[in-house]
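Novice: using only what follows, build the 3D model:
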Amino acid sequence: MRTLLLSTFLVLGLGLTSSQSAEPTKLFDGKTFNGWDYFLAPSKDGKKVEMKDVWTVEDGYIKCVGRPLGYLITKDEFSDYELRLKWRWVKGSKGGNSGVLLHVVGDNKIWPKSIEAQLASGSAGDFWLIDKPQVEIDPKQQDPKVERHYFRIVKEAVEKEIGEWNEYVITCKGDTIKLEINGKVVNEAKKVVQNKGKIALQSEGAEIHFKDIEIRSLK
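Specialist: The predicted model follows:
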């Protein structure tokens, strides 16, 4: 009996280790936008804006100038994953607004149905629910002025100084989403009905840089 139990624990342990040690896949190779599409709002004069006018690759990172509004979006859909990425605002600036859109469906509009993991300087880690996705978040975190906005659960600063790289770890597993910034858990959503979709990075008014974007399956 002892041998049988030991064998069972070993099998279960190996299965868990295999799942946790799945190799991450780079969503950004540091050189190209392979695997990504984009959408940008038309300019005020009605002219079509090209991707290169907003999104470029410089020294291994993605540079987004922030205007016009739009987003980079993965060509593939994902579910049950851990997403890691780094972002920074331009040194000497006041920061700005951006976000990581999760479980995106129905793209090609500003803004597509999704759950936004906020990147706005000073508020990174907040949730914004775009186009009414069905999610359960602690009502104590809800912004009394904006129904679809939920503040992060930590009050202290979690972001680094403007100009320094921050790291986001976003875990989407089953019907939950957990946000972690620079090693600290800052928010969680449960009972997420739409738990599969594309991933997008916003262009939302200010220059922002992204790098080291990778995803690891948790299936």
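Novice: quickly list what the most centrally placed residue in the chain is bridged to.
Specialist: When C-alpha atoms, centre = their mean is applied to the chain, the residue found nearest the centroid is V100 (3.4 Å). Following DSSP bridges, V100 is listed with bridge partners A117, L201.
Novice: how far away is it from N195?
Specialist: 16 Å (C-beta to C-beta, to the nearest Å). Where C-beta positions appear, they are placed from N, C-alpha and C, glycine not excepted.
Novice: same deal with A157?
Specialist: 30 Å.
Novice: which of those two has more neighbours?
Specialist: N195 (19 against 10; other C-beta atoms under 10 Å).
Novice: show me what counts as buried in stretch 176-196.
Specialist: 177-182, 185-189, 192, 194-195 (16 or more other C-beta atoms under 10 Å).
Novice: swap in stretch 49-63?
Specialist: 49, 54-55, 61-63.
Novice: put the alpha carbons of it into PDB.
Specialist: C-alpha atoms of stretch 49-63 as PDB (Å, rounded to 0.1, in the frame of the first residue of the first chain):
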ATOM      1  CA  VAL A  49      -2.700  56.200 -40.300                       C
ATOM      2  CA  GLU A  50      -0.100  53.500 -40.900                       C
ATOM      3  CA  MET A  51       1.300  51.200 -38.300                       C
ATOM      4  CA  LYS A  52       4.800  52.600 -38.600                       C
ATOM      5  CA  ASP A  53       3.400  56.000 -37.700                       C
ATOM      6  CA  VAL A  54       2.600  54.800 -34.200                       C
ATOM      7  CA  TRP A  55       4.400  51.500 -33.500                       C
ATOM      8  CA  THR A  56       8.100  50.800 -34.200                       C
ATOM      9  CA  VAL A  57      10.800  48.500 -32.900                       C
ATOM     10  CA  GLU A  58      13.900  50.200 -31.400                       C
ATOM     11  CA  ASP A  59      16.800  48.400 -29.600                       C
ATOM     12  CA  GLY A  60      14.700  45.300 -28.800                       C
ATOM     13  CA  TYR A  61      11.600  47.100 -27.500                       C
ATOM     14  CA  ILE A  62       8.300  48.300 -28.900                       C
ATOM     15  CA  LYS A  63       7.900  52.100 -29.100                       C
END
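Novice: what is the least confident helix or strand in this protein?
Specialist: Lowest mean confidence among the helices and strands of the chain (mean pLDDT, DSSP states H and E): helix 2-20, at a mean of 40.
Novice: in its sheet, which strands sit next to the helix or strand following it, and in what direction?
Specialist: Once helix 2-20 ends, the next helix or strand along the chain (criterion: DSSP states H and E) is strand 25-26. Taking DSSP bridges as the criterion, strand 25-26 forms sheet pairs with strand 208-217 (antiparallel).
Novice: show me what the strand it pairs with is in contact with.
Specialist: Identification of contacts with strand 208-217 by C-beta atoms under 8 Å, 6 or more residues apart in numbering yields 22-28, 30, 60-64, 66, 78, 80-90, 96, 98, 119, 165, 167, 199, 201.
Novice: for that strand, what is the distance to the chain centroid?
Specialist: 9 Å (C-alpha atoms, centre = their mean, to the nearest Å).
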